[in-house]
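Peer 1: Quick one, fold the following:
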Amino acid sequence: MIILRVAFFNPQANFDPKDRYWTTHPDFGGQLVYIKELAMAMASMGVKTDIVTRRIEDENWPEFSEEVDFYPGVENLRIVRVEFGGKEFLRKELLWPRLREYSEKILRFYDKEKARPNFVTTHYGDGGISGAFFAKWTGIPFSFTAHSLGAQKMHKLGVNSDNIQEFEKEFSFTARIVAERTAMKYSAVNVVSTSMERFEQYGHRLYSKYIDVEDDNKFSVIPPGVNTEVFNTRDSSEDKTVEDKIEKLFERFSRRERLGLPMIVSSSRLDEKKNHMGLLRAYSSSKYLRNNTNLIIVTSGVTDPYGKIPSDSGSEHRVLKNLVGVVLRENLKDRVLFADIRNQKELSSLYRVAARRNSVFCLTTLYEPFGLAPLEAIACGLPAVVTKNGGPSESLKDSENEYAVLVDPTETDSIRDGLLSVVGPGKKDRHAELKLLGKRRVFSRFTWQASAEEYLKQIEERLCKDFEEPVIPSWFTGDGNLPPLDL
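Peer 2: Okay, the predicted model is just below:
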């Protein structure tokens, strides 16, 4: 019997057995959670799985120095670290010219073991171009999961032909776009979370010569999953800890008589595009919501938003400062509370604590590519009021049902009315209905086991096919310059 071996290429060096730095650095975001959870699910199905990343020897990052590492109690899964680009930690934008070396070191590692993978899954543009190198040298096919594409980020930042050089210094957009083009063109399959991602993101004109978004054979929609071992309705030892934390929060900033009221829980990165301000305005606009619910905004690492906030938190500092300003101006300090929730276990406990108060989760992002957060909340028993822009319009709606309330994040009335439709007067039956429908939806379709099964289906279909040998852009081989982007 052939043992399937799958390697995950992610050069960004940020995997360790205890996930120590997740969410504390721009290079330690949701992409890592995706890769780890998917790899663990594959490993649990008997697939020999490696997460191949970067080895560093830096006293500030001691967790990433071992060549091979493991997650405790997880069989068939390794963290493999290859040394490239020197020994010190480097942010991802500095890795682009070093990716040929990364790919060479991976090939050397597997040839030393005399056991190459059957298939490679690549993640983000840097993993994608590395998979193209590897495929050129070995003939081993690869999938490409972008997680996000550079063209969309350029659009959000307002990059144009006049200012691109300014942005290049920080974001290396040209290298990223060229890598993404190569990865999507030569991959065996491009994995997207939603069909909307396929047509809207890959359909950007900067990619039009490299991918045909109408070609069904080049795309597979595989939604990410919820970690149901963490996010569920089962009582946890963390629940009492979080309950105590919430009680102390009310004692410090509110009144105990408000403690038992339903909560509107908002948990997402403090970023302007997440539109916390839109939610706050909607809450403030409703006398019923102000008097009968509490708005809880998760602020990881901030215990007193009215005190000194670390200025090095950048845009998060600005968003929080603006929120606090509105809370004080509208006299909402006793009913809009900022909860310091540090990790996924605490977050799932917060959701369960809130669910016992007949609460609701709310995500009002201006555009959400997929939207895993509401699915996690729903798995813990919270109905959700969610932006209609992006992934939630697919994951939480089909031809038969809406599994959450979808709202226009740019309209205060839409957000307010969406909340009132779940936690407003006389809405207990609707609350219970959404709670039940949502949980069924998540546990039937959005688990990492389901994601892994679909990945493996796509892999098995493509192992017996021939693919075009990748042509690597000369800049990545060290033989030429990057072509200018046609902006």
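Peer 1: so Tyr306 touches Val324, yeah?
Peer 2: Yes - Tyr306 lies in contact with Val324 (Cβ atoms under 8 Å); the separation is 6.3 Å. (Each C-beta comes from the backbone N, C-alpha and C, glycine too.)
Peer 1: More neighbours: which of those two?
Peer 2: In this view Tyr306 and Val324 are compared by other Cβ atoms under 10 Å, and Val324 has more residues nearby, 16 against 11.
Peer 1: and the more buried one, how far is that from Thr299?
Peer 2: Distance, Val324 to Thr299, by Cβ to Cβ, to the nearest Å: 10 Å.
Peer 1: Pull up the overlap in contacts between the two.
Peer 2: Counting by Cβ atoms under 8 Å, 6 or more residues apart in numbering, the contacts common to Val324 and Thr299 are Pro305.
Peer 1: quick one: pLDDT of the nearest residue to Glu453 once chain neighbours are set aside?
Peer 2: Using Cβ to Cβ, 6 or more residues apart in numbering and skipping the chain neighbours, the partner closest in space to Glu453 is Met45 (7.7 Å). Looking at Met45, its pLDDT stands at 95.
Peer 1: what about Met45, distance to Val442?
Peer 2: For Met45 relative to Val442 (Cβ to Cβ), the value is 20 Å.
Peer 1: Neighbour count for the two, which is higher?
Peer 2: Higher neighbour count among Met45 and Val442: Val442, with 25 against 13, using other Cβ under 10 Å.
Peer 1: can you tell me the helix or strand for that one?
Peer 2: Using DSSP states H and E, Val442 maps to helix 428-445.
Peer 1: show me the contacts for Glu243.
Peer 2: Applying Cβ under 8 Å, 6+ apart to Glu243 gives the contacts 349, 353.
Peer 1: What does the pLDDT read for it?
Peer 2: Predicted confidence (pLDDT) for Glu243: 96.
Peer 1: Which secondary structure element is home to it?
Peer 2: Using DSSP H and E, Glu243 sits in helix 237-253.
Peer 1: now Val6
Peer 2: Per DSSP H and E, Val6 falls inside strand 5-9.
Peer 1: Quick check: which ranges of this protein have low pLDDT?
Peer 2: When residues are selected by pLDDT under 70, those of the chain lie in 1-2, 22-26, 309-314.
Peer 1: show me what contacts the residue nearest the centre of it?
Peer 2: What sits nearest the mean C-alpha location of the chain, by Cα atoms, centre = their mean, is Gly30, with 3.1 Å. Neighbouring residues of Gly30 by Cβ under 8 Å, 6+ apart: 147, 372.
Peer 1: Quick check: it vs Asn14, distance?
Peer 2: 12 Å.
Peer 1: If you count neighbours, what's buried in the helix holding Val442?
Peer 2: 431, 434-435, 437-439, 441-443, 445 (16 or more other Cβ atoms under 10 Å).
Peer 1: Can you lay out these as TSV showing distance to Ser208?
Peer 2: Compiled in TSV, these are given as follows (distance: Cβ to Cβ, whole Å):
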residue	distance to Ser208
His431	46
Leu434	40
Lys435	43
Leu437	39
Gly438	38
Lys439	41
Arg441	35
Val442	35
Phe443	39
Arg445	32
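Peer 1: residue boundaries of the strands in the stretch 1-150 of the chain?
Peer 2: Counting by DSSP state E, counting those that start in this stretch, the stretch 1-150 of the chain has strands at residues 5-9, 48-55, 68-69, 77-83, 119-123, 142-145.
Peer 1: try the stretch 151-300 of the chain
Peer 2: 189-192, 219-221, 263-266, 294-298.
Peer 1: among those strands, which is nearest Thr364?
Peer 2: Nearest to Thr364 among these is strand 263-266; the distance by Cβ to Cβ comes to 7.8 Å.
Peer 1: how about the next helix or strand after the helix holding Val442 as PDB, C-alpha atoms only?
Peer 2: Sequence-wise, the next helix or strand downstream of helix 428-445 (DSSP H and E) is helix 448-462. Taking Å, rounded to 0.1, in the frame of the first residue of the first chain, the C-alpha atoms of helix 448-462 are listed here in PDB:
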ATOM      1  CA  TRP A 448     -11.300  20.700   9.600                       C
ATOM      2  CA  GLN A 449     -12.000  17.000   9.100                       C
ATOM      3  CA  ALA A 450     -14.300  18.000   6.200                       C
ATOM      4  CA  SER A 451     -11.700  20.400   4.800                       C
ATOM      5  CA  ALA A 452      -9.000  17.700   5.000                       C
ATOM      6  CA  GLU A 453     -11.200  15.200   3.200                       C
ATOM      7  CA  GLU A 454     -11.900  17.600   0.400                       C
ATOM      8  CA  TYR A 455      -8.200  18.500   0.100                       C
ATOM      9  CA  LEU A 456      -7.300  14.800  -0.100                       C
ATOM     10  CA  LYS A 457     -10.000  14.200  -2.700                       C
ATOM     11  CA  GLN A 458      -8.400  17.000  -4.900                       C
ATOM     12  CA  ILE A 459      -4.900  15.600  -4.300                       C
ATOM     13  CA  GLU A 460      -5.800  12.000  -5.300                       C
ATOM     14  CA  GLU A 461      -7.500  13.300  -8.400                       C
ATOM     15  CA  ARG A 462      -4.400  15.100  -9.500                       C
END
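Peer 1: how about the helix or strand just after helix 448-462: buried residues?
Peer 2: As assigned by DSSP H and E, the chain's next helix or strand after helix 448-462 is helix 474-477. When burial is assessed from 16+ other Cβ under 10 Å, helix 474-477 yields the following buried residues: 475-476.
Peer 1: With stretch 160-174 instead?
Peer 2: Neighbour-count burial for stretch 160-174 flags 164, 167-168, 171-174 (criterion: 16+ other Cβ under 10 Å).
Peer 1: what's the most distant pair in those residues?
Peer 2: Using Cβ to Cβ, the buried residues of stretch 160-174 span at most 11.1 Å, a distance reached by Ile164 and Ser172.
Peer 1: Just give the nearest non-adjacent residue to Glu83, would you?
Peer 2: Nearest residue to Glu83, sequence neighbours excluded (Cβ to Cβ, 6+ apart): Arg55, at 4.4 Å.
Peer 1: give the contact list for Asn60.
Peer 2: By Cβ under 8 Å, 6+ apart, the contact list for Asn60 reads Phe89.
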